[in-house]
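Chemist: Test case, fold it:
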Amino acid sequence: MAKQKDNPNTKSRLIGTAIPVSALRSEKSIGVGEFADLAGFGDACVKLGIGLVQILPVNDTGFDSSPYAALTAFGLHPLYLRIEDINEAESFSDEINDIRNRFNQEIRFPYEALLRAKINLLKKIYGENKALIMASPELISWIDENPWVKSYSVFRQLKEANGEKSWKDWAEYVNANPAQIASLWEKSDLREGNLFWAWLQLNLDIQFTAAAESLTEKGILLEGDLPILMNEDSCDVWAHRENFHLELSAGAPPDMYSPEGQNWGFPTYNWDAQSKDNFSWWKARLKAAEKYYDAYRIDHVLGFFRIWSSRREDHTALMGRYIPYNTVNIKDLKKLKYDEGRIRWITQPHISTSDVWKANASDAFDTVLDRIGEEELWLFNKSIKCEKDITSRNISDSAKGFLMREWGNRILFEYKEDEFYPVWYYRESRAYASFSGEEKKEFDALLNERNTESEAIWEKEGRKLLSVLIASSAMLPCAEDLGAVPPCVPKVLTELNILGLRVVRWHREWDKPGEPYVPFEDYPELSVCTPAVHDSSCLREWWDKEANQESFCDFLGVPSLPKIYNPGVARFVLGKIASAASRFRVFQIQDLLHLSNNWYAADPASERINVPGTTNEFNWTYRLPASIDDIMKDSEFVSAVNELSLVKPAQKKKKNS
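Modeler: Residues are numbered from 1 along each chain as shown. Got it, this is the predicted structure:
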């Protein structure tokens, strides 16, 4: 197992803050936070008593603002480059100031416009210095030490030449192999463009390394975020597609927030293929991250145990299934004495004629549906194999909506011959409703058996894969283990000393009457406690608009608190959260700013980082309301944050004998 990094604070009880690099503001930054701003933020953290800084992923995502849609697992985002600190930029101060003046006053940064402005200026700087840059021994040496940059640079140049389209839609090199990629790197007419992207990455590496070292010198942990999944439109998938299942799309099963599940569009990993070279891609990825981070957040750690997978041909994740999974087969169904008719009944939606008419979907007759003999029942015809086959048909919207709902109206779905998976909502299906009580009991027993068998597989898979990660890096692992968590997950995380995540509003005993919150003294030491995450509302918006205030006050042990969030409420609530027994208590910077009246936005929703399920110019573009230096002049804020680091852990209540 790899030796843990030298920073002793990885085992200390710390107050931390979560802040995107892009949110930082300083006098030198250009419209968005830059790596160099982390050093100044580190100075502020020392004065605030903050010992950990957690950031969002910082890999290059091109013109997609989501930090979880990276074009590369290795390359850093050009957005975070401080242009004026590049040696070759000395004579470009007027152009730099022009961009700064255009964008610095924006409340949220205009992602695409700002990125294009910075890239265009960087190309101009490179163009005027390219002879020296291309011959630079430092650049050539850095490329040799970072071989991933070759496929990345080729990919970026080809993507740009193809109008930023996905590699699957390129005119050439859709199926480029390693030899072709190596040839494209060496190609004389591409060399100038290739070295531009490599030069950017060299400078990003220099600046991020300096910022990370600055935090280390101050005794502050820097925690990075490693998304488990890769964007399909990335150089890693393009250049190493053997590592991925491109026919599958990862996501999450349905829940109360997403009734159709979440289909993220990212391919799943081909773990068997990766194991053949001893997971070299993952090891290289961790080695690259370790240059900067003391700790790392494993996004969607559940995916190392089992991943909710939909077919590429589906829009939603409603018909997804867990992989791996010990499937149901014909032999199992025969044991339940199901004949061919019964098997068809539970595996194919049977739609009544009257339901079609009620749904105003009659144009689906004969084009999408086949009648069963002379019965008033219909099946999807053989040409319909997925959701896209429904939505692509020339039928009315009402018919499409009805058929999409009916597509999942079954108990089992046969994804491959004799491999049946349970549909998520199978208990609500027409077929299940027709079962007698005894039939339901027998069928549920079969699925419970399969789930138990599958959980043993998940535990083995998770332990194996996470052990590879732990042994490959000295960083402290912190897992994002939210969602439908099988019992094997906390067991393996504890066994491997991986910190889990506890989000206060969701950390409840859901199976008990009243769904009580878990007491702060019962939080495991091996965890990160937080009141909000980047995909949720901030604590202020939650309190004002979403929380059951009475229930939460009962949990906190007070009769009531003001109905509208204010610094007094913030000081009390954050103080209670700081008492959690977790090793790290991490607060979004927005939640800390609410400790002072000076930093309240008019609309609490405007302080969010991301609203899941939406794509717009708002998401991922949050900025601090003022520069770091100006915020640190607020003595009320500085004093209140410092109080959090002095809060002692809550003590377990003694049981009456």
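Chemist: only C-alpha atoms for contact and neighbour calcs from this point on.
Modeler: Will do.
Chemist: Not counting sequence-adjacent ones, nearest residue to K165?
Modeler: In this structure, K165 finds its nearest non-sequential neighbour in K159, 6.3 Å apart by CA to CA, 6 or more residues apart in numbering.
Chemist: Give me the contacts around the helix or strand encompassing that neighbour.
Modeler: According to DSSP states H and E, K159 maps onto helix 148-161. Applying CA atoms under 8 Å, 6 or more residues apart in numbering, the contact partners of helix 148-161 are 72, 74-75, 143, 165-167, 170, 181-182, 184-185, 193-198, 201, 235, 239.
Chemist: thinking again about what came up before, let me know how buried the residue nearest to K165 is, in neighbour terms.
Modeler: By the criterion of other CA atoms under 10 Å, K159 has 20 neighbours.
Chemist: buried sites along the strand or helix carrying A471?
Modeler: Applying DSSP H and E as the criterion places A471 in helix 437-472. Neighbour counts over helix 437-472 (16 or more other CA atoms under 10 Å) mark 443, 447, 450, 454-455, 457-459, 461-463, 466, 468-470, 472 as buried.
Chemist: what does stretch 13-27 give?
Modeler: For stretch 13-27, by 16+ other CA under 10 Å, it's 13-26.
Chemist: List the ones among those that fall in strands.
Modeler: Those of the buried residues of stretch 13-27 mapping onto strands are 14-18, per DSSP state E.
Chemist: need the residues you listed in a markdown table with distance to P147, can you?
Modeler: A markdown table is the format used below for these (distance: CA to CA, whole Å):
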| residue | distance to P147 |
| --- | --- |
| L14 | 37 |
| I15 | 37 |
| G16 | 34 |
| T17 | 34 |
| A18 | 31 |
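Chemist: of the residues you listed, closest to A581?
Modeler: Nearest to A581 among those, counting by CA to CA, is L14 at 10.8 Å.
Chemist: Tell me the helices and strands packed up against the strand ranked longest in the chain.
Modeler: Ranked by residue count and defined by DSSP E, the top strand of the chain is strand 221-227. On a contact count with 3 or more CA pairs under 8 Å, 6 or more residues apart in numbering; DSSP states H and E, strand 221-227 meets strand 52-54, helix 188-217, strand 295-299.
Chemist: Please report phi then psi for I609.
Modeler: phi -90, psi -40 (degrees, to the nearest 10).
Chemist: Need the pLDDT of it.
Modeler: On the pLDDT scale, I609 is placed at 98.
Chemist: Quick check: next helix or strand after the host helix or strand of I96?
Modeler: Using DSSP H and E, I96 sits within helix 93-103. Per DSSP H and E, the first helix or strand lying C-terminal to helix 93-103 is helix 111-134.
Chemist: so N9 touches K218, yeah?
Modeler: No. Judged on CA atoms under 8 Å, N9 makes no contact with K218 at a distance of 11.1 Å.
Chemist: residue ranges for the helices of the stretch 201-350 of the chain, please.
Modeler: Assigned by DSSP state H, counting those that start in this stretch, the helices in the stretch 201-350 of the chain fall at 235-239, 271-275, 280-290, 330-335, 340-347.
Chemist: so which of these comes closest to V504?
Modeler: Proximity to V504 (CA to CA) singles out helix 280-290 among the helices of the stretch 201-350 of the chain, at 28.7 Å.
Chemist: Quick check: the nearest residue to V638 once chain neighbours are set aside vs L38, distance?
Modeler: Leaving aside its sequence neighbours, V638 sits nearest to L48 (CA to CA, 6+ apart; 5.7 Å). Distance from L48 to L38, counting by CA to CA, to the nearest Å: 15 Å.
Chemist: One more: D370?
Modeler: D370 sits 63 Å away from L38, going by CA to CA.
Chemist: Same drill for L48 and L38, tell me which one is more crowded.
Modeler: Higher neighbour count among L48 and L38: L38, with 23 against 20, using other CA under 10 Å.
Chemist: you'd agree Y68 is up against E232?
Modeler: No. Shown here, Y68 and E232 do not form a contact pair, counting by CA under 8 Å, at 11.5 Å.
Chemist: Give the other helices and strands that the lowest-mean-pLDDT helix or strand in the chain contacts.
Modeler: Ranked by mean pLDDT, DSSP states H and E, the helix or strand of the chain with the weakest confidence is strand 262-263, at a mean of 93. If contacts are counted by 3+ CA pairs under 8 Å, 6+ apart, strand 262-263 sits against strand 248-252.
Chemist: Pull up the pairing partners for the strand it packs on, direction included.
Modeler: With DSSP bridges as the test, strand 248-252 is paired with strand 262-263 (antiparallel), strand 307-311 (antiparallel).
Chemist: Worst mean pLDDT among the ones you listed?
Modeler: Among those, strand 262-263 has the lowest mean pLDDT, at a mean of 93.
Chemist: Contacts for it next, please.
Modeler: 249-254, 310, 315-317.
Chemist: May I have the residues that are in contact with G62?
Modeler: For G62, the contact set (CA under 8 Å, 6+ apart) comprises 70-71, 77.
Chemist: let's see 7 Å
Modeler: L71 (CA atoms under 7 Å, 6 or more residues apart in numbering).
Chemist: In three-state terms, label it for me.
Modeler: The local conformation at G62, judged by DSSP: H, G, I helix; E, B strand; the rest coil, is coil.
Chemist: looking at this, L501 is in a helix?
Modeler: No. With three-state DSSP as the criterion, L501 is strand rather than part of a helix.
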